[in-house]
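**Q** what shape does this take:
(4 chains)
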Number of protein chains: 2
Amino acid sequence: MTGPGLRERKKQRTRDALLRAALELFTTKGYEETTVDEIVEAVDVSQRTFFRHFAGKQEAAFAMQEMVEARFMRALRERPAGEGPLAALRGAVLGSWDAVGESIEAIVPVELHMRTYQMIESTPSLLAVHMRRSIEMEEQIAGVIAEREGVDLATDSRPRVAVAAFSGVMRVTGRMWGAGEDISVASIRAITETYLDHLGPALAEDWREH
Amino acid sequence: MTGPGLRERKKQRTRDALLRAALELFTTKGYEETTVDEIVEAVDVSQRTFFRHFAGKQEAAFAMQEMVEARFMRALRERPAGEGPLAALRGAVLGSWDAVGESIEAIVPVELHMRTYQMIESTPSLLAVHMRRSIEMEEQIAGVIAEREGVDLATDSRPRVAVAAFSGVMRVTGRMWGAGEDISVASIRAITETYLDHLGPALAEDWREH
DNA sequence: GAGGTTAGAGTCAGTCGCTGACACTTGACA
DNA sequence: TGTCAAGTGTCAGCGACTGACTCTAACCTC
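**A** Numbering: from 1, shown residues only, chains lettered A, B, ... in the order given. The predicted model follows:
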């Protein structure tokens, strides 16, 4: 019950400090304009130390995203079995936004995290990585959905297709939110809800009916 | 009617040679394992010349994709007005695969292009860029769809949502194709068709009905 | 067809992200 | 208390990419 030792705590402190410094610099100066040397200078460690904690500049930018995504996956797995695929996904996303504070506040303020997210959306090279990461997550999500619905992922393409459509909407959501003025969690939550509502109608063959 | 002059033709020749050398090296040695120095050595030009023709290593990897995508956009715009959004998109993709030869064969063989595509799908850093590029294209597609349907993109989210779902399916298609054995155009065309057929059913709330 | 103009290519020096190798310091633990 | 090893610093080097400068040859004009 002694918890992590002094060495471990020191290491964690260094990592957290690097992360905060990096995100603060990224969101104020811009990602491309921030050099690793500037980050390590702010924390007063060597460049090598940065690369021991993070595989690269990019990884630092996505460290918080990773925690949030892990939370989302857990939320999805805990959804009631009665819900259909899209209802479960919807519940898990909205729930994750409601609980974003608990996911990350121990390391960085929510406000900095939201600024980071917006920076990712508006920085081409990071947006690219963001997209690839969400694809990797799609595969996991499809697995969970297939299990929930009791279908075989290897022979049934519906889980992947449904998740792909859902993720497509999430992507648009992120884009629209990032392009707007309101950076708040409430804002992205609301946009998410609206866009998910539009998924059904949008796929109808004739839009003029509605 | 004299066409491009000698200078212009020389320039184009250098570019084409660089492109072919790059794609050949990328697909045989691997993208990350290929250095720009190796590419320029194969063509016997200076490194600086490479960077005058391509903004970076990545741009070379996507040069052919860009041509194919341009063709797709044109095909989409030329679809009969009677078709619904998804039918038009479907027709444009399948048509583009049928005509991929005409799009690119003047510069690289179709077979090399397909190998390149597979390499993109299996190289993380390129996959990331590929995803970002398709998002950028989504925006254009949404514009065309909105126009076709006579709705306002600024106030109506259905074009973007429909396109997002469609693109999601295209992404899965690419992934599944790239992971398989058959690298042929016929193969990806068939997969595309199947997966698009699954989009409707996959979004139904209860999969057990079908 | 000579001569000035300029686009395209070469050279060189430098920045930035990132890595491997080696040495040092200081918690951890017997 | 002494040994071990995790975490860090230092240094040298690679690969992608850029800016500044020079040179060459296609071009355009007279």
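**Q** okay, CA-based contacts and neighbour counts for the rest of this
**A** OK.
**Q** let me see the contact set for the nearest residue to residue A:57 once chain neighbours are set aside.
**A** What sits nearest to residue A:57 in space, not counting adjacent residues and going by Cα to Cα, 6 or more residues apart in numbering or on different chains, is residue A:36, at 7.0 Å. Residues in contact with residue A:36 (Cα atoms under 8 Å, 6 or more residues apart in numbering or on different chains) are A:47, A:50, A:57.
**Q** please report the distance of the last one from residue A:39.
**A** Pointing back at residue A:57 there. Look at residue A:57 and residue A:39: by Cα to Cα, to the nearest Å, they are 10 Å apart.
**Q** next one: phi and psi at the residue positioned nearest the centre of chain A?
**A** Nearest to the centroid of the C-alpha atoms of chain A, with distances taken as Cα atoms, centre = their mean, sits residue A:65, at 3.9 Å. Backbone geometry at residue A:65, expressed as degrees, to the nearest 10, gives phi -50, psi -40.
**Q** ok, now which ones touch it?
**A** Applying Cα under 8 Å, 6+ apart to residue A:65 gives the contacts residue A:117.
**Q** which helix or strand contains the residue lying closest to residue A:20 once chain neighbours are set aside?
**A** The shortest distance from residue A:20 to any non-neighbouring residue, by Cα to Cα, 6+ apart, is to residue A:108 (6.6 Å). Secondary structure from DSSP states H and E places residue A:108 outside every helix and strand.
**Q** residue A:108: how many residues sit nearby?
**A** Other residues within reach of residue A:108, judged by other Cα atoms under 10 Å in any protein chain shown, total 18.
**Q** what about the residue in chain A that chain B sits nearest to, distance to DNA strand C?
**A** With Cα to the nearest Cα, the shortest gap between chain A and chain B falls at residue A:165, namely 4.0 Å. Counting by Cα to the nearest atom of the strand, to the nearest Å, the gap from residue A:165 to DNA strand C is 31 Å.
**Q** packing partners for the longest helix along chain A?
**A** Using DSSP state H, we find that the single longest helix of chain A is helix A:124-149. When contacts are defined as 3 or more Cα pairs under 8 Å, 6 or more residues apart in numbering or on different chains; DSSP states H and E, helix A:124-149 sits against helix A:57-77, helix A:110-122, helix A:158-179, helix B:124-149.
**Q** dump these to CSV, plus mean pLDDT.
**A** Putting those into CSV (pLDDT from 0 to 100) gives the following:
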stretch, mean pLDDT
helix A:57-77, 97
helix A:110-122, 97
helix A:158-179, 89
helix B:124-149, 94
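**Q** winner for burial among those helices?
**A** The highest mean neighbour count among the helices and strands packed on helix A:124-149, using mean count of other Cα atoms under 10 Å in any protein chain shown, belongs to helix A:158-179: a mean of 22.
**Q** who touches the helix or strand following it?
**A** With elements assigned by DSSP H and E, the helix or strand that comes after helix A:158-179 is helix A:185-202. When contacts are defined by Cα under 8 Å, 6+ apart, helix A:185-202 is touched by residues A:90, A:94, A:97, A:114, A:166, A:169-170, A:173-174, A:177, A:207, A:210, B:157-159, B:161-162, B:203.
**Q** residues of chain A that sit close to DNA strand D?
**A** Within chain A, the positions lying close to DNA strand D (Cα under 7 Å from any atom of the strand) are A:7-8, A:10-11, A:14, A:44-49, A:52-53.
**Q** which positions in chain A make contact with chain B?
**A** Residues of chain A lying close to chain B by Cα under 8 Å from any Cα of the partner chain are A:84-86, A:124-125, A:127-132, A:149, A:157-162, A:164-169, A:171-172, A:195, A:198-203, A:205-207.
**Q** got the domain ranges for chain A?
**A** What automatic domain parsing lists as the domains of chain A is A:1-54, A:57-209.
**Q** quick one: which of those is nearest residue B:182?
**A** Judged by Cα to Cα, the one of the domains of chain A that comes nearest to residue B:182 is domain A:57-209, at 17.5 Å.
**Q** just to revisit the earlier point, state the pLDDT value of the residue nearest to residue A:20.
**A** Per-residue confidence (pLDDT) for residue A:108: 96.
**Q** cool, thanks, talk later.
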